[in-house]
Each structure stands twice: as C-alpha cells, then as structure tokens.
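J.: Sequence first, predicted coordinates after that:
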Amino acid sequence: MQADFVIVGAGSAGCAMAYRLAESGASVIVVEHGGTDAGPFIRMPGALSYPMNMARYDWGYRTEPEPHLGGRRLACPRGKVIGGSSSINGMVYVRGHACDFDHWAAQGANGWGFADVLPYFKRMESWDSGGHGGDPAWRGRDGPLHVTRGRRENPLFRAFVEAGRQAGYPLTADYNGERQEGFGAMDQTVHRGRRWSAADAYLRPALKRDNCTLVRALVQKVVIDQGRATGVEVLRRGRTEVIDARREVILAASAINSPKLLMLSGIGDARALADHGIEVVANRPGVGRNLQDHLELYIQMAASQPITLFRYWNLLGKAYVGARWLLFGDGPGASNQFESAAFIRSRAGVRYPDIQYHFLPLAVRYDGRAAAAGHGFQAHVGPMRSQSRGTVTLRSADPASAPAIRFSYMSTEQDWQDFRRCIRLTREIFAQDAFKPFVRHEILPGPAVTSDAQLDDFIRAHAESAYHPCGTCRMGRRDDPQAVVDPDGAVIGVERLRVADSSIFPRITNGNLNAPSIMVGEKIADHLLGRRLPPENARPWINPDWETRQR
C-alpha cells in the first residue's frame with residue numbers, strides 16, 4: 001500500500017491536510033488507530049462530557065504525579081477516534097490573539113505571524129453569528145468548518161456579559177475578530193445542532209475522492225532509510241505492515257503521540273533514545289520538551305432561581321434532552337452550553353489578554369462529574385501564558401506503551417500569583433448587580449477562602465487541565481538546537497518527514513487550541529504544495545492604556 005502522502009492521525013490538523021492535499025490531486029492515505037465517530041455521545045453537543053471519558057474514544061492518558069498540585073495525576077484526554085480530539089472536545093472555537101502568532105514569528109517561526117495565518121483562519125471558516133453581531137470583515141464565510149454561536153436564551157449568559165461591563169471591562173462583538181479583549185458571545189463548532197468536527201469539515205469530503213483513503217491501524221514508527229522517511233510501520237489486524245510514502249510522511253498525531261512516534265523512530269535526545277535501545281537517526285533534544293497546557297479553576301455559585309441546567313441533571317431530564325435532540329435537533333442538547341466568554345488582562349502592564357473565561361449555567365466539572373447539589377453556575381477561569389514547561393518521554397521502546405507525561409504545572413511563582421488574581425477578579429465579577437437576582441452564595445472556593453495561603457491550597461487541590469497540550473515538537477529556525485521542525489513543518493535532520501499539529505506551537509495560544517490546530521494543517525498543506533495565501537495586514541485592537549490600567 002502506498003500513496004504520495006501518508007498522514008498519521010485523523011485529528012484536527014490531519015483531516016485538514018488530507019482535504020487540501022487530496023484536493024490538489026495528490027494521493028493520500030490517512031492512518032488512524034481510533035474507530036468511528038458515529039453515535040449520539042459524540043454528535044450531540046450537550047453530551048460533550050461523555051466521549052472524553054470513554055476508552056473507545058480516548059487514549060486515556062494521565063500525567064505523572066504533579067509535585068506542585070499535591071502529587072495529583074491529571075487527565076490528559078486525546079481523541080482516539082475519527083476526527084481526533086475535535087470529536088471529543090468542548091467545541092469551543094478560539095483562534096488565539098494576533099500577538100500570539102507574532103510571538104511565534106519572533107521566536108524563529110518565520111512566516112507564521114498574524115498577517116500570515118489570518119488568511120488561513122478565514123479560508124477554513126464558514127462563520128455564522130446567528131444574528132448575534134460579530135466582525136464579518138475578519139471572518140471567513142465559505143470554508144469547510146462551520147462556526148456559529150449559541151442562542152444565549154438562558155438569562156445567566158447575558159448576566160455574565162453585563163457583569164463584566166459593570167466591573168469596568170469592555171465588551172467585544174467578536175473575540176475572534178479585531179478585538180479579543182472583553183466580554184461577549186462564544187463561538188462553537190456546531191452546525192444545525194450537531195458537533196461539526198474536523199472529520200465532518202474535511203475528512204469525509206476528502207474520502208469521497210478516489211485519491212484519499214482511510215486506513216485503521218496503529219502506527220509503530222516512521223520508516224527511515226538513509227536519513228529519508230519512506231513510510232510508516234503499522235500494526236493492522238494483528239500483522240505488521242509498511243505503508244509507503246512516495247513524497248512525504250506527515251505526523252499529525254497530537255502533542256503527545258507525535259513526539260512519541262518521533263522518538264520511537266530514532267529522532268530525539270540521543271542519550272534518552274540509547275537508554276531504550278533505539279538507534280539514533282537524528283539527535284533532536286527538543287523532541288518531547290516545551291510541553292505546555294492551560295490550567296483552569298471552576299468558580300461556582302449557588303443559584304437563587306431554578307433556571308440552570310441542573311433541572312436536567314437527572315435521569316428523566318437527560319432522557320428529555322436526548323429525545324428532543326434526536327427528534328428535532330434542538331433544545332439544550334444542541335449547544336455545548338459555553339455560550340458566553342471573556343478575555344481580560346490580569347493587571348496593568350500586560351499588553352493583551354492573559355485570562356480566559358468560559359461561562360456555564362451549571363455547577364459541574366468539565367468532565368461531567370461531581371455536579372453540585374442544586375441549581376448553580378460557574379466560570380471556568382485560568383491564565384493563558386504560564387511559563388511552566390513539561391516533557392513527554394518514552395517509558396520503553398514498545399509502541400503500545402503510553403508515554404510519560406509531565407507538565408510540571410504551577411512550577412513558577414508567577415503561576416500562583418496569576419491564579420490568585422483569577423479567583424479574586426472572578427469574585428468581583430460575580431458580585432456585580434447583574435448577578436444579584438441570581439446568586440445565593442459561593443460554592444467554590446467558598447467565602448471563607450480568602451488569604452493567599454488558603455487560595456493556594458484551593459488551587460493545589462482543584463486546578464484542572466483545560467486539555468490544551470502543545471509545544472512538544474517546537475517550530476523554529478533550523479540552527480536552533482531545541483527546534484524540532486522548521487517553519488515549513490519539516491523535521492530538522494530527516495528528509496521527507498513533517499509534523500503538523502499543536503505540537504509545533506512555539507508557545508501556547510490564547511484560548512482553546514482546536515482552531516489553531518486546524519489552521520496548522522491548512523497552512524502546512526500549502527507549504528507542501530509550494531503555495532501560500534497572501535498575507536493580510538489587519539491589526540488587532542490593543543487597549544491604549546494597557547501599560548497603566550488593568551481594564
């Protein structure tokens with residue numbers, strides 16, 4: 001079996017690459033270990049907490065004990081299913097701030113500044129504000145990826161935005177447009193009441209072509225001959241096979257599995273590879289390093305009115321939501337329920353937002369567990385640009401063995417300062433008049449938790465991953481010893497091998513990572529095909545008083 005391009009991973013970036021490469025006329029094989037994405041748990045937006053906790057859809061990774069979080073081992077879900085993590089995520093759509101990408105370029109990722117990536121964000125989108133405002137000049141209209149907004153029918157969604165305004169923050173008509181900073185509506189990858197994953201947007205249209213094939217198999221390593229990638233070795237139906245690539249192999253297997261596959265293939269830190277008996281093909285010590293993520297807390301409030309989603313948090317309520325969605329495609333199940341959001345700056349002197357909010361009209365963990373008794377609501381809040389860095393390393397040379405994942409969360413003093421500010425700023429927002437008709441009392445952290453030491457204890461016990469791992473195959477200049485890929489996504493030291501997923505991010509972007517991951521697949525496909533969209537020099541709004549004012 002062979003094709004011009006072999007793509008490992010049918011996730012966010014891999015699906016986009018398959019679509020664009022097949023569209024060009026090249027033959028493409030996409031290799032994916034996971035199974036079908038059919039079924040209501042994936043398709044129904046309101047059921048988002050289920051697939052990430054199901055072994056059939058998730059690789060089930062957990063971190064090593066995190067020393068700064070009391071030795072807790074945090075979940076690190078990654079999609080093991082057609083569509084990858086876009087089939088199990090929260091469907092929140094955030095491009096990232098323009099300054100994020102300018103920082104990439106300044107760190108050696110030439111050609112990845114905001115002017116370079118904006119055309120790709122626009123090309124991939126089919127954006128519909130649903131009549132709720134927006135910034136159409138900055139958005140795409142006819143791309144494969146449907147992006148829309150929830151109806152915000154629950155009064156708590158508007159209360160959150162109004163409370164932000166009352167607290168002195170700006171409003172934004174479109175945080176994916178000119179102005180990220182502020183409170184406003186949240187975008188979601190939902191189309192006609194159903195999850196619209198990368199598989200829906202890109203892979204299924206690509207597979208309708210004769211030149212694109214999906215193969216179900218576990219990739220064990222990249223086959224490299226005299227410094228050149230020639231294919232991938234896979235385990236398929238209990239047998240080891242090789243799938244040949246006439247032109248290139250592209251790893252799009254996630255920030256966890258892409259570095260793992262590079263190391264299994266002999267690309268990584270030479271000493272660590274030797275310890276596992278792996279022959280060194282290219283000594284790239286940056287493979288598996290620079291691991292980043294977003295942590296978040298849930299600031300929960302008890303509601304004084306029975307207007308939250310808790311009314312459905314029982315067997316009959318869930319049955320009603322599911323039946324209405326199955327029969328009519330609407331109701332609470334047709335939204336991820338993250339319909340209001342905010343991006344703010346934590347303090348004066350921060351140039352652009354470094355705190356993100358998701359608002360949810362239910363007091364519950366993101367994974368669907370441990371709902372608070374009774375009606376409540378919560379803000380998910382966390383800093384966007386932690387300086388903590390972790391690693392992904394091999395446990396053994398066995399491809400079936402899960403890697404060791406160490407984020408080193410909260411390993412800097414700045415992390416603790418930022419999270420304390422997150423809690424105190426959130427409490428201030430919930431104390432505004434807009435919430436007075438709806439708040440009974442604070443559930444978490446609890447009104448008695450006020451001192452720095454008490455807040456730190458709460459953070460240590462309750463901070464959770466937002467499930468945004470990235471950075472482990474960092475993009476940079478070819479003479480940078482810690483860079484893994486160059487600005488074309490080509491692995492440094494090996495020919496005809498590229499990486500295209502969130503692992504190549506030099507630094508984590510503001511917000512959820514699905515949108516920039518898809519953008520990476522779109523853009524590197526063009527690099528492979530020798531073409532580029534012309535830059536667009538639109539500039540974002542930056543608060544003119546950022547040096548002296550927090551809001």
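T.: Arrived safely, thanks for sending.

J.: which residues in the stretch 301-450 of the chain form helices?
T.: Using DSSP state H, counting those that start in this stretch, the helices of the stretch 301-450 of the chain run over 315-328, 413-430.

J.: now the stretch 51-200 of the chain
T.: According to DSSP H, counting those that start in this stretch, the helices that the stretch 51-200 of the chain contains are 98-106, 114-124, 155-166, 198.

J.: Let me have these in TSV, adding distance to residue 379 and mean pLDDT as columns.
T.: Bear in mind the C-beta positions are built from the backbone N, C-alpha and C, glycine included. As requested, these are exported to TSV (distance: least, C-beta to C-beta, whole Å; pLDDT from 0 to 100):
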stretch	distance to residue 379	mean pLDDT
helix 98-106	22	98
helix 114-124	26	98
helix 155-166	7	98
helix 198	28	98
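
J.: which of these is buried the deepest?
T.: Of all those, helix 198 has the most neighbours on average by mean count of other C-beta atoms under 10 Å, namely a mean of 32.

J.: Name the surrounding residues that touch that helix.
T.: The contact list for helix 198 (C-beta atoms under 8 Å, 6 or more residues apart in numbering) reads 10-16, 83-84, 86-87, 145, 518, 521.

J.: I'd like the residues you listed as TSV, with neighbour count appended.
T.: Formatted as TSV, the contacts of helix 198 follow (neighbours: other C-beta atoms under 10 Å):
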residue	neighbour count
10	34
11	36
12	36
13	38
14	31
15	34
16	32
83	30
84	33
86	32
87	29
145	29
518	32
521	30
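
J.: Turn the helices of the stretch 51-200 of the chain into CSV, columns for distance to residue 26.
T.: Listed next are these as CSV, based on distance: least, C-beta to C-beta, whole Å:
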stretch, distance to residue 26
helix 98-106, 27
helix 114-124, 18
helix 155-166, 45
helix 198, 19
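
J.: Sketch out the low-pLDDT regions of the protein for me.
T.: Residues of the chain that meet the criterion pLDDT under 70 lie in 366-371.

J.: hey, which strand is longest across it?
T.: strand 239-251 (DSSP state E).

J.: between the very next helix or strand once past it and strand 239-251, how big is the angle?
T.: As assigned by DSSP states H and E, the chain's next helix or strand after strand 239-251 is helix 254-264. For helix 254-264 against strand 239-251, the angle by axes from the mean of the first three to the mean of the last three C-alpha atoms, to 10 degrees is 120 degrees.

J.: circling back to that earlier point, mind putting the contacts of helix 198 into a markdown table with distance to residue 290?
T.: Compiled in a markdown table, the contacts of helix 198 are given as follows (distance: C-beta to C-beta, whole Å):
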| residue | distance to residue 290 |
| --- | --- |
| 10 | 25 |
| 11 | 20 |
| 12 | 19 |
| 13 | 18 |
| 14 | 21 |
| 15 | 25 |
| 16 | 23 |
| 83 | 26 |
| 84 | 21 |
| 86 | 23 |
| 87 | 26 |
| 145 | 27 |
| 518 | 21 |
| 521 | 20 |
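
J.: Which of these fall in strands?
T.: Using DSSP E, residue 145 are the members of those that sit in strands.

J.: looking at the helices of the stretch 301-450 of the chain, which is buried most?
T.: Stretch with highest mean neighbour count among the helices of the stretch 301-450 of the chain: helix 413-430 (a mean of 18; mean count of other C-beta under 10 Å).

J.: Hey, what's the angle from it to helix 155-166? Just curious.
T.: Going by the same axes, to 10 degrees, helix 413-430 makes 110 degrees with helix 155-166.

J.: can you list contacts of helix 413-430?
T.: With C-beta under 8 Å, 6+ apart, helix 413-430 has contacts from 160, 163-164, 167, 295, 297, 299, 301, 344, 346-347, 354-355, 357, 379, 381-383, 386-388, 409-410, 435, 439, 442, 445, 452, 455-456, 458-459, 463.

J.: Now which of the residues you listed would you call buried?
T.: Buried subset of the contacts of helix 413-430 (neighbour count, 16 or more other C-beta atoms under 10 Å): 160, 163-164, 167, 295, 297, 299, 301, 344, 346, 354-355, 357, 379, 381-383, 386, 388, 409-410, 435, 439, 442, 445, 455, 458-459, 463.

J.: Count residues in the vicinity of the nearest residue to residue 133 once chain neighbours are set aside, would you?
T.: Among residues not flanking residue 133 along the chain, residue 173 sits closest, at 4.4 Å (C-beta to C-beta, 6 or more residues apart in numbering). When neighbours are defined as other C-beta atoms under 10 Å, residue 173 has 15 of them.

J.: and residue 173, what is it in contact with?
T.: Neighbours of residue 173 in contact, by C-beta under 8 Å, 6+ apart: 133-135, 179, 184.

J.: Residue 490 touches residue 500, doesn't it?
T.: No. Counting by C-beta atoms under 8 Å, residue 500 is not a contact partner of residue 490; they are 10.3 Å apart.

J.: More neighbours: these two, which one.
T.: residue 500 (31 against 21).

J.: what distance separates the start and the end of stretch 399-416?
T.: End-to-end distance for stretch 399-416: 37 Å, by C-alpha to C-alpha, to the nearest Å.

J.: What pairs with the one helix or strand residue 30 maps to, parallel or antiparallel?
T.: Assessed by DSSP H and E, residue 30 sits inside strand 28-32. Applying DSSP bridges to the sheet, strand 28-32 is found paired with strand 2-8 (parallel), strand 212-216 (parallel).

J.: Which one of the ones you listed lies nearest to residue 259?
T.: Closest approach to residue 259 among the strands paired with strand 28-32 (C-beta to C-beta): strand 2-8, 12.4 Å.

J.: what's the closest one in contact with?
T.: Outside strand 2-8, the residues that touch it by C-beta under 8 Å, 6+ apart are 14, 17-18, 21, 26-31, 211, 213, 219, 231-232, 243-253, 258, 261, 528.

J.: buried sites along it?
T.: Of the residues in strand 2-8, 3-8 count as buried by neighbour count, 16+ other C-beta under 10 Å.

J.: what's the farthest-apart pair in those?
T.: Spanning the widest gap among these are 4 and 8, at 14.8 Å by C-beta to C-beta.

J.: my read: residue 9 touches residue 32, true?
T.: Yes. Between residue 9 and residue 32 a contact is recorded at 6.5 Å, counting by C-beta under 8 Å.

J.: More neighbours: which of the two?
T.: Between residue 9 and residue 32, counted using other C-beta under 10 Å, the more crowded position is residue 9 (31 against 28).
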